[in-house]
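>>> Have a look; sequence and predicted model below, questions after that.
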Amino acid sequence: MENSIRKLLHSELLEKRISHDMAFSFKKYPVLLIVDSIRSVYNIGSIFRSADSAGIEGIMLCGYSPKPPREDITKTALGADETVAWSYHKDCRDAIEVCKENGYTVMAVELTDNGITYDALQPQHFPLALIVGNEVSGIDDEILSLCDGAIEIPMYGVKHSLNVAVASGIIMYEAVRSYRSFTLSE
């Protein structure tokens, strides 16, 4: 029996994709990612690429996180740093304040003693700002205290963490999936 699955051609993918020019006028999902003090330019580039693919509103870079324009970010992001809205805040507390002033629920993506699992988001959590922290130390306790809650990705193996770019991709897509399930069922 022959395989009936065929990989799409590049030209077919382009037909499905919004154009670079449309990127900022296309409706985004009400999810922001706050990135606090991520050291690796490659993680930042990967986060931009996932944010673009997930169709979220944007990224707020904080602390010593590298920021565009940087060739190494652009290369890893495949140019998504040019199609995802982003801002920079020296202090993560300022980004949180902006989000709260604009009606966002602010959730830390962190293993805590009182978090919800990533599949437990509810309509009242949106619009949603998700905070990811440093590759080694995670989110500072002071920043955690400013959050409305914590959300976690369950860990089933020996290790109790994921690479921050991988975790960001998972949590962005789960937030978008949840939001779409609420809005499509109305």
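Good, I have the coordinates. Residues are numbered from 1 along each chain as shown.
>>> helix or strand right after the lowest-mean-pLDDT helix or strand in the chain?
None of the helices or strands of the chain scores lower by mean pLDDT, DSSP states H and E than helix 10-16, at a mean of 76. Where DSSP states H and E defines the elements, the next helix or strand beyond helix 10-16 is strand 29-36.
>>> Quick check: can you name the pairing partners of that next one and their directions?
Sheet pairing of strand 29-36 (DSSP bridges) gives strand 56-62 (parallel), strand 128-132 (parallel).
>>> Mean pLDDT, mean neighbour count and distance to Val176 added to the ones you listed, as CSV?
(Each C-beta comes from the backbone N, C-alpha and C, glycine too.) CSV is the format used below for those (pLDDT from 0 to 100; neighbours: other CB atoms under 10 Å; distance: least, CB to CB, whole Å):
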stretch, mean pLDDT, mean neighbour count, distance to Val176
strand 56-62, 98, 23, 7
strand 128-132, 98, 26, 10
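>>> what ranges do the strands span in the chain?
Using DSSP state E, the strands of the chain run over 29-36, 56-62, 86-89, 105-109, 116-117, 128-132, 149-152.
>>> can you give me the mean pLDDT across the fifth one?
Taken as a whole, strand 116-117 has a mean pLDDT of 96.
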